[in-house]
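S.K.: any chance you can model this:
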Amino acid sequence: MWRKFVGGLLAICPGLFLGREGPCIQMGACVGQGLANDVFKTSKKDQQTLLLAGVAAGLAAAFSAPLAGVLFMVEEITTTFKPQIWLTALAAALSADLMTLVLLGQKPSLAMYITPFVGEPNYLFLLILGIIIGILAYGYQYVLLEQRYLYSKLNFLPKRYHSLIPLLLTIPLGLWNAKLLGGSHVFISYVTDMSLTTTDPSVILKLLVLFFIVRFIFSMISYGASVPGGIFMPILALGAVIGCFAGLLGVNAGWLEHGQVLGVILISMAAYFGAIEKAPFTAIVLLTEMAGSLASVFPLVFVTFIAYTVDTLLGGRPIYTALREEMQFK
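M.R.: Next comes the predicted model:
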């Protein structure tokens, strides 16, 4: 477990395009398994229960989102919904969240004031947004799963040195714009601030396209290097860029009020995450908990399930399922 802790810090702190949730989930699972095996000496069934509870607690600690932690465990890790498992997981997630609140405070991870969505024009816009996000989500899944093989072609560089590639490439990018680096809450806040600026919209839109391309490429390079780190926050960051771009276009077209752009950002983050991870319920609850707002729950659900459906029709597969199958095949 200490290797995940140290490795996660060494990967995330320099600014690689990875999230803290991956190591947190893995360390949570290690704690659960360690308690089951070494402390409580439980049965094999209870060992699995505590391991799953550790997974939920790890995600809850990473995002201050205990309900999302439990739903992630159900949607991504186990397909069962036995009361013993989810109640234990909920207790662990709430405990982890409580410790996070005590140590870091009570402010939601992405506190936003959301202007409600009303009227037919808004939902026509959201329908189109959901379709586009579903297509982009499929593209992310495809590239992420395919580009992992590119590192195997680097015969001149031992696998243990693959992490040097994203690290060295990150340096010039950080010198250009340090806010682009990392998982990252800072970048998402940067994007939300861009949505509120009075700068020429055409300039902002061009920057957003550039940011999306850069973060997409660097998140692939970082994750493909197999260093400790998660893809949740990089996915959410890309979703924020999509939402800001779409929201500003909607304002220019007269479909949205300017105050609704933040809502579009939040919705796009949930939809992009839910479609890529094939975990729509986790996405909906996670973004609701992170934003600390219920103002946009229905449009959030609406767009997330449209994006999920489009991605499924295109043949998208859950990232973690595909990676597990790849490991078993090897």
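
S.K.: so residue 188 is in contact with residue 238, correct?
M.R.: No: counting by CB atoms under 8 Å, residue 188 does not reach residue 238; the two are 10.0 Å apart. Yep, even glycine has a C-beta here, placed from its N, CA and C like the rest.

S.K.: what comes up buried for the longest helix seen in the chain?
M.R.: Using DSSP state H, we find that the single longest helix of the chain is helix 120-152. Within helix 120-152, the residues scored as buried using 16 or more other CB atoms under 10 Å are 122-123, 125-126, 129-130, 132-134, 136-138, 140-141, 144, 148.

S.K.: now stretch 204-212
M.R.: Applying 16+ other CB under 10 Å to stretch 204-212 flags 204, 205, 207, 208, 211, 212 as buried.

S.K.: so for that stretch, what's the average pLDDT?
M.R.: For stretch 204-212, mean pLDDT is 94.

S.K.: please save the CA atoms from that stretch in CSV.
M.R.: The C-alpha trace of stretch 204-212 is given here as CSV (Å, rounded to 0.1, in the frame of the first residue of the first chain):
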residue,chain,number,x,y,z
ILE,A,204,-12.4,31.7,-25.4
LEU,A,205,-13.8,29.0,-27.8
LYS,A,206,-10.5,28.7,-29.6
LEU,A,207,-8.7,28.3,-26.2
LEU,A,208,-11.1,25.6,-25.1
VAL,A,209,-10.5,23.6,-28.2
LEU,A,210,-6.8,23.9,-27.7
PHE,A,211,-7.2,22.9,-24.0
PHE,A,212,-9.3,19.9,-24.9
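
S.K.: need the contact partners of it.
M.R.: 180, 191, 194, 197, 238, 241, 242, 244, 245, 248, 249 (CB atoms under 8 Å, 6 or more residues apart in numbering).

S.K.: one more: stretch 14-24?
M.R.: So stretch 14-24 is contacted by 4-5, 7-8, 11-12, 58-59, 61-63, 166-167, 170, 174, 178, 181-183, 215, 218-219, 221-223, 227-234 (CB under 8 Å, 6+ apart).

S.K.: kindly recompute the last result at 7 Å.
M.R.: The contact list for stretch 14-24 (CB atoms under 7 Å, 6 or more residues apart in numbering) reads 4-5, 8, 11-12, 58-59, 61-63, 166-167, 170, 174, 181-183, 215, 218-219, 222-223, 227-234.

S.K.: filter those to the buried ones?
M.R.: 4, 8, 11-12, 58-59, 61-63, 166-167, 170, 181-183, 215, 218-219, 222-223, 227-234.

S.K.: mind listing what residue 201 touches?
M.R.: Contacts of residue 201 by CB under 7 Å, 6+ apart are 248, 252.

S.K.: from now on call the first residue 52
M.R.: Sure, I'll start numbering at 52, so the last one becomes residue 252.

S.K.: check what pLDDT it gets.
M.R.: 82.

S.K.: and residue 212, by the same measure?
M.R.: As predicted, residue 212 sits at a pLDDT of 80.

S.K.: what about residue 356, neighbour count?
M.R.: Using other CB atoms under 10 Å, the number of residues around residue 356 comes to 19.

S.K.: ok, now which ones touch the nearest residue to it once chain neighbours are set aside?
M.R.: Nearest non-adjacent residue to residue 356, counting by CB to CB, 6 or more residues apart in numbering: residue 331, 5.9 Å away. By CB under 7 Å, 6+ apart, residue 331 lies in contact with 325, 355, 356, 359.

S.K.: so what secondary structure elements neighbour the longest helix of the chain?
M.R.: helix 252-275, helix 283-304, helix 312-328, helix 348-364, helix 370-380 (3 or more CB pairs under 7 Å, 6 or more residues apart in numbering; DSSP states H and E).

S.K.: related to what we said a few turns ago, now the contacts of residue 331: which count as buried?
M.R.: Among the contacts of residue 331, the ones that count as buried (16+ other CB under 10 Å) are 325, 355, 356, 359.

S.K.: before I go, just wanted to say thanks for your time.
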